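Engineer: Turn this into a model:
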Amino acid sequence: QLVESGGGLVQAGGSLRLSCAFSGFVFDDYTIGWFRQAPGKEREGVACIMTNDDSTLYANSVKGRFTISRDTATNMVYLQMNNLKPEDTAVYYCAGLEIATDTLDIGEYDAWGQGTQVTVSS
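Structural biologist: Now for the predicted structure:
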């Protein structure tokens, strides 16, 4: 199970931090990813983190602006989003994959949260 929170309305150049509470993974090594879907567009990968070594992968569009991290004590994954742009407006989803692999391929992920809206005004 995955539950997102932290979305909202922010002006361009501002910041937001999304949170993903997850549970129910059977194995010790897995991947948590963040994805987004803008109106009229396909869902796309944003960032992921692997629990075996905390390595990360980012989409080119967010490199240098977004940071994914996790808190092992609380089973939380965060997406810190800085210097937000209007084109970052989307519903953001976190998703889980029961192996540790660096992928933003939507089809690889097994479980999804319900999403949280992020709106960036210009």
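
Engineer: Nearest the middle, which residue of the chain would you pick?
Structural biologist: Centroid-nearest residue in the chain: residue 34, 2.0 Å away (criterion: Cα atoms, centre = their mean).

Engineer: and the strand or helix carrying it, what does it pack onto?
Structural biologist: Here residue 34 sits within strand 31-37, counting by DSSP states H and E. Judged by 3 or more Cβ pairs under 8 Å, 6 or more residues apart in numbering; DSSP states H and E, strand 31-37 is in contact with strand 16-22, strand 44-50, strand 66-71, strand 76-81, strand 90-97. Where C-beta positions appear, they are placed from N, C-alpha and C, glycine not excepted.

Engineer: CSV please, covering those strands and showing distance to residue 2 and mean neighbour count.
Structural biologist: Shown next, in CSV, are those (distance: least, Cβ to Cβ, whole Å; neighbours: other Cβ atoms under 10 Å):
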stretch, distance to residue 2, mean neighbour count
strand 16-22, 5, 19
strand 44-50, 13, 22
strand 66-71, 13, 17
strand 76-81, 9, 21
strand 90-97, 5, 23
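
Engineer: what sits against the residue nearest to the centre of the chain?
Structural biologist: Contacts for residue 34 were tallied using Cβ atoms under 8 Å, 6 or more residues apart in numbering; they are 18, 20, 45-48, 68, 77, 79, 92-95.

Engineer: which among those gets closest to residue 56?
Structural biologist: Taking Cβ to Cβ as the measure, residue 56 sits nearest to residue 68 out of those, at 5.4 Å.

Engineer: so the residue nearest to the centre of the chain bridges to which residues?
Structural biologist: Bridge pairing for residue 34 (DSSP bridges) gives the partners residue 47, residue 94.

Engineer: pLDDT wise, what is it at?
Structural biologist: pLDDT, residue 34: 98.

Engineer: from here on, count from 15
Structural biologist: Noted, 15 is the first residue going forward, which turns the last one into residue 48.

Engineer: could you measure it against residue 136, distance?
Structural biologist: Noted for residue 48: a distance of 23 Å to residue 136, by Cβ to Cβ, to the nearest Å.

Engineer: repeat for residue 99
Structural biologist: 9 Å.
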